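Peer 1: Everything below, folded, please.
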Amino acid sequence: MATPRATIPLKYQPQRYYCTDTVNSDCQKGFISATGLNHHYNAVHKHHTTRPSHPQQHSWQPTGQHDGSGDDNVEPQGAYYVKHPVLDGTPVDLNGDDLPEGASPPKPNTPSKRAWHPFESRAHFELADFIFHQNEMPGAQIDELMHIWASMPGQAGTPPYANHEHLYSTIDAISEGDAPWTSFSMESVEAGGSGGPSWKHSVFGEKGQCVWSDLMTGNWAWNQCNELSKDPDNHGAMFVPIILGSDKTTVSVATGNNEYYPLYISAGNVHNGMRCAHGEAVSLLGFLSIPKTDKEFEADPEFHTFQRHLFHTSLEAIFHAMHPAMTKPQSVKCADGHYCRAIYGLGPYIADYPEQALLACIVQGWCPKCTAHQTHLDHDPNAILCNHEYTQLLMDSFASYVLWQKYGIVDDILPFIASFPHANIHELIAPDILHQIIKGTFKDHLVSWVETYLKKHYKNDFAAVLADIDRHGFKQWTGNDSKALMKVYLPAIAGYVPNEMLQALSAFMDFCYIVCQSSLGEADLEALDKALQHFETHHSIFEAEGIHSDGISISQIHALQHYHEAIELFGAPNGLSTPIVESKHIHAEMAQVLLVNQWQDKLAQFQAECLAEGLLDKPLIPQDNVHEDTSFQDDPYLQEAEDDDSERVDAVVQLAHKPSPRKLRTLAEMGQDIGHPELPDLVSIFLFQQRNPGVDVPDISKCPKAIDPGYSFSSAVATFYAPSDFSGANGMHCQCIHASPSWRNGAPCYDCVFVEKDPTLPGFQGLYVAQVLLFFSFHYQNVHYPCALVQWFTPVGNELCINTGMWKVGHEYDEYGDHLVSVIHLDSILQPAHLIGIYGDEYIPPDLHYSDSLAAFGSFYVNKYSDHHAFGLAF
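Peer 2: Predicted coordinates:
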């Protein structure tokens, strides 16, 4: 008979610990325990201003040509910013006059109103924000929630909101952030008559190297400030770049497939991390018109001309009202409550290649940034960067057919951006990592070319080869998850394709992973150029093998040549990528979308105003009203990442919240369960090493013995800084490390990890690789030890594989021929590691289960492409 579980009293615990992050002061998230707050901070708000613990992958040697400080006699220490000397965003008063340094923000001359108007109280606002913004609860569920709320004892049948319409009307009554939607109509100037077609109705890093990250660290923003500073009226103003993005999309709703053409906007002085976090940093600005016509006119050149003119004229009309603010500053209220004189400018435009061609008014297949000829994009010695003046000169000199065929220019139209000051669309087209690199180059071309090679060389065995490659690590040979495919592609095809083809792919992968970093220094750009050079050298194998015998002149691949310049101009490309705008795509009818977006903006602005006025500085429930519950205990199973006064680190590994099983056990019992009865002796050796670092381990009988029982855990969580991967607004990324005989009632799962070896050595030379067999914790002499029992791997050779660019490892054995195992402290683990078997010449057995892969192979690739943090570690 099962032992009944102890009755746990369910009692409300107030939130006693609140987030007070100084950088993200608008968080204010509350927790009932200190460990919950600490875990939240590590996962969401961890900031990294300290030097990395390991040498960087791309080292920089200063040339002495610049130091960025402006003082040749002073050696800068660490990383630092340089502020523009003229456009420095000086705070002003309500009349636009400069405020003294350190002055408080001025109060607006507006009639006073109740603090939380139009909400009855702060609690009403917090509830509205939670239901509508954070949870996005449907109207019917809001009605049901209010009905249940009204029936609660003591509510007297009065919920906070009568129904969802009451909630919506309250949000709509917010005056802050109100930007009503408007529309305008356009028609062809030839619309009269009958019988016509229907469509006519700067930052610096270590050693003084330049570092590019956010848009405002790029040379373009600095150059814009230099240009604007020529006007004395702009001195002391704040430059605000306008980032734009558009992406035509088809949305499936109950009425069928509807096409939409959303236009998005973002302020350029928002950090990339906030924009990539898919929050409120990107807003829906409007919808562009999609002209329709009968099928007989779809290929009509005149219809295509109308489409182009409609597109550019619409964008010009949308931004016409902002034109004055692009030459003369206007006072605006900032998030900190201060007013600044802001001057705006059209900045990078995020779009995929077909839309880039439409924006640049060029013929498909040509480069939107330079004059390289379509037939030899990568090898045109006469190519120069495009600008509007050059285009206009060609239009004045040549006929339309010459412009189209010889120069790739569409006649009789200039890009809309030519009507605005200091803007060149050919310069402002943002790099597109997704469509140019991941899909455009890798999936659509390199993967396709490899498949063509396999068909050509394996002929009758082609199906068997593909099936074997599938078993190597992926099945989505033509799937949509191209990023996942990239992580395992090289080892999967190794042995089936020539080494030079592997080297071309390895160089391309290095280029991709360097580009995706959240910040890039001069050393990174040198490595980027080197990777691109190697890729262009080795991809000639596809020409030699007859796969692309006519030469490689493809716009997506040619675009790689412009990334170096784009990074210097606009900072890290991952802050200007198309997934940022694609994540905002609509999923409902347009009318509903317009209202929802407007209300979301109102709530966000209302919250910002409350933060600036200090209304959200205190907890929702005042501390004076919180009665301490002496029976409450903090979660003992979630280990603190650090002490309150210790320095925060770049990575932390924490045991799971609760042990498995949930009872104390002796070390001997844990060892017997996993087939390692020697665990108590291994713990003794571990304790001796912890208490006597650097001393040789004596006879086991002289090592300390851990007698107290402990807990075992089926997993741990590694939290580390990886802003280039899916992460929070501050770049923190979490991964689970498993050590379980049956994960979620399925197959065994024992993950591999990187373990700290020597932080002074570069890359993989300073790391170990191990497989975790058990997570556990115990106490010895009042000291808590979170640990892992691991099985070691050892490097194969002294350098990485020249073909794949990865290190190789194999199982490490002791003097008896058994796998070498030992106990390590949890703090020595950096993050999960991904090993891929080196498959050899034989097919993988069809019945081999993935959970047996670490036992089935003798050697493995250490996959540095598993995530961007691993790419910076395992080089």
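Peer 1: What does the pLDDT read for Leu285?
Peer 2: Among the per-residue scores, Leu285 holds a pLDDT of 85.
Peer 1: Validate this expectation: it resides in a strand.
Peer 2: Yes: counting by DSSP: H, G, I helix; E, B strand; the rest coil, Leu285 is located in a strand.
Peer 1: Run a quick neighbour tally on the nearest residue in space to it that is not next to it in sequence.
Peer 2: Nearest residue to Leu285, sequence neighbours excluded (Cβ to Cβ, 6 or more residues apart in numbering): Ile265, at 4.2 Å. The C-beta positions use only the backbone N, C-alpha and C, and glycine is treated the same way. If you count neighbours by other Cβ atoms under 10 Å, Ile265 ends up with 17.
Peer 1: and what of Ile557?
Peer 2: Neighbours around Ile557, by other Cβ under 10 Å: 21.
Peer 1: same question, Leu505
Peer 2: Quick note: Leu505 (other Cβ under 10 Å) scores 27 neighbours.
Peer 1: With Gly810 instead?
Peer 2: For Gly810, the neighbour count with other Cβ under 10 Å is 14.
Peer 1: List the contacts of it.
Peer 2: Phe793, Thr794, Val796, Gly858, Ser859, Phe860 (Cβ atoms under 8 Å, 6 or more residues apart in numbering).
Peer 1: does the residue nearest to Leu285 really touch Leu244, like I thought?
Peer 2: Yes: using Cβ atoms under 8 Å, Ile265 is in contact with Leu244, at 6.0 Å.
Peer 1: Buried subset of the contacts of Gly810 as a ChimeraX selection?
Peer 2: ChimeraX command restricting the contacts of Gly810 to the buried ones, with burial defined by 16 or more other Cβ atoms under 10 Å:
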select :793,796,860
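Peer 1: hey, what's in contact with both of Ile265 and Leu244?
Peer 2: With Cβ under 8 Å, 6+ apart as the test, Ile265 and Leu244 both reach Leu285.
Peer 1: that older thread, just the contacts of Gly810 now: which is nearest Gln561?
Peer 2: Phe860 (35.1 Å; Cβ to Cβ).
Peer 1: And that closest one, how far from Ser822?
Peer 2: Separation of Phe860 from Ser822 (Cβ to Cβ, to the nearest Å) stands at 20 Å.
Peer 1: One more: Gln392?
Peer 2: 72 Å.
Peer 1: which stretches of the stretch 251-400 of the chain have low pLDDT?
Peer 2: 251-258, 276-280 (pLDDT under 70).
Peer 1: burial measure for Asp412, as a count.
Peer 2: Asp412 - counted by other Cβ under 10 Å - has 11 other residues nearby.
Peer 1: and what of Thr217?
Peer 2: For Thr217, the neighbour count with other Cβ under 10 Å is 23.
Peer 1: Kindly state the pLDDT recorded for it?
Peer 2: 89.
Peer 1: just how off-centre is the helix or strand hosting Trp222 within its chain?
Peer 2: Per DSSP states H and E, Trp222 falls inside helix 219-228. Centre-to-centre, helix 219-228 and its host chain are 27 Å apart (Cα atoms, centre = their mean, to the nearest Å).
Peer 1: what residues does that helix touch?
Peer 2: Counting by Cβ under 8 Å, 6+ apart, residues outside helix 219-228 touching it are 84, 86-87, 202, 215, 234, 237, 239, 241, 268, 343, 345, 347, 422, 427, 568-570.
Peer 1: Please convert the buried members of the residues you listed into ChimeraX selection syntax.
Peer 2: Here is the ChimeraX command that selects the buried residues among those (16+ other Cβ under 10 Å):
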select :84,86,87,202,215,234,237,239,241,268,343,345,347,427,568,569,570
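Peer 1: Shouldn't Thr719 be within a strand?
Peer 2: Yes: counting by three-state DSSP, Thr719 is located in a strand.
Peer 1: residues near it, how many?
Peer 2: 24.
Peer 1: got a pLDDT number for it?
Peer 2: pLDDT, read off for Thr719, is 82.
Peer 1: you'd agree it is up against Ile737?
Peer 2: No: if you go by Cβ under 8 Å, Thr719 and Ile737 don't touch, sitting 11.1 Å apart.
Peer 1: what about the closest residue to Lys487 other than its chain neighbours, which SS state?
Peer 2: Leaving aside its sequence neighbours, Lys487 sits nearest to Tyr865 (Cβ to Cβ, 6+ apart; 5.0 Å). With three-state DSSP as the basis, the three-state label of Tyr865 is coil.
Peer 1: how close does Tyr865 sit to Asp468?
Peer 2: 21 Å.
Peer 1: quick revisit: in helices, which of the contacts of helix 219-228 fall?
Peer 2: Of those, the ones assigned to helices by DSSP state H are Glu427, Glu568, Leu569, Phe570.
Peer 1: Report the contact partners of the first one.
Peer 2: Right, Glu427. Trp220, Lys369, Leu385, Asn387, Leu569.
Peer 1: Which stretches in the stretch 51-200 of the chain count as helices?
Peer 2: 122-128, 139-151, 164-172 (DSSP state H, counting those that start in this stretch).
Peer 1: Contacts for the shortest one, please.
Peer 2: To tie it back to what came earlier, the one meant is helix 122-128. 116, 119, 160-161, 167, 170-171, 603, 606, 610, 615-616, 620.
Peer 1: go with 6 Å
Peer 2: Trp116, Phe119, Pro160, Leu167 (Cβ atoms under 6 Å, 6 or more residues apart in numbering).
Peer 1: Least confident of those?
Peer 2: Pick the lowest pLDDT in these and you get Trp116, at 84.
Peer 1: State the distance from the closest residue in space to Ser213 that isn't next to it in sequence to Leu525.
Peer 2: Distance criterion Cβ to Cβ, 6+ apart; nearest residue to Ser213, sequence neighbours excluded, is Ser519 at 3.7 Å. Using Cβ to Cβ, Ser519 is found at 12 Å from Leu525.
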